[in-house]
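In: okay, predicted coordinates and the sequence, questions at the end:
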Amino acid sequence: MKSASPDLTEHGYTGWNGIGYRHPIAGYICGVFPQADGVRLLFEYGQQLPDPSGMLTGAGKQTKWMSLREIDATLEAAIAALVGAAIEFGVFNKGRLSEFRGAARGTNPSPVDDRRDGRARKGRSPE
């Protein structure tokens, strides 16, 4: 997971018997949970993620997951793409695209929020 995005931090969830991954802007994006025959990689907003190869399962309104036994280079690339998409969705969903884009470029983020209605975030004025 950390190779997919070095900004991710790990958090242990003893009650859920898993490890969650958080992005500093997008928040919680996914978790790894042990199963009897492997692990389950759960994406918090899996229903919103592109999944052209149909690797994700789950019919709920929000989460989707994949069951993993072994990881090869192809699967690792697919997981990295899903992690990237999950981060982008989380950032967009929180209305913080300016911060995310600024961090990606290594520049200071714009004080204007990328909300659909164009309003600045509270306490900030547009440029």
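Out: That came in fine, so what should we check first? Since this is a predicted model, take the numbers as computed values, not measurements.
In: my guess is S5 contacts I25. True?
Out: No. Between S5 and I25 there is no contact under C-beta atoms under 8 Å: 11.1 Å. (Each C-beta comes from the backbone N, C-alpha and C, glycine too.)
In: next up, the contacts around W65.
Out: Residues counted as contacts of W65 (C-beta atoms under 8 Å, 6 or more residues apart in numbering) are R40, L41, L42, F43, G46, L56, T57, G58.
In: and the first one, what helix or strand is that in?
Out: It stands for R40. Counting by DSSP states H and E, the element that carries R40 is strand 38-43.
In: which stretches of this protein have low pLDDT?
Out: Within the chain, the segments meeting pLDDT under 70 span 95-127.
In: redo that, cut-off 90
Out: Scanning the chain for pLDDT under 90 picks out the ranges 1-7, 13-16, 25, 52-53, 59-60, 70-77, 90-127.
In: show me which of the contacts of W65 is closest to G15.
Out: Ranked by distance to G15 (C-beta to C-beta), the contacts of W65 are led by L42 at 14.8 Å.
In: need the three-state assignment for the nearest residue to the closest one once chain neighbours are set aside.
Out: Leaving out its chain neighbours, the residue that sits closest to L42 by C-beta to C-beta, 6 or more residues apart in numbering is W65, at 4.1 Å. Three-state call for W65 (DSSP: H, G, I helix; E, B strand; the rest coil): strand.
In: hey, what's W65 bridged with?
Out: Note on W65: beta-bridge partners by DSSP bridges are L42, T57.
In: how near is it to G84?
Out: Between W65 and G84 the distance is 17 Å, computed by C-beta to C-beta, to the nearest Å.
In: same thing with M55?
Out: M55 is 15 Å from G84, where distance means C-beta to C-beta.
In: same question, A73
Out: Per C-beta to C-beta, A73 is found 17 Å from G84.
In: same drill for those two, tell me which one is more crowded.
Out: The neighbour count for A73 versus G84, taken as other C-beta atoms under 10 Å, is higher for G84 (14 against 7).
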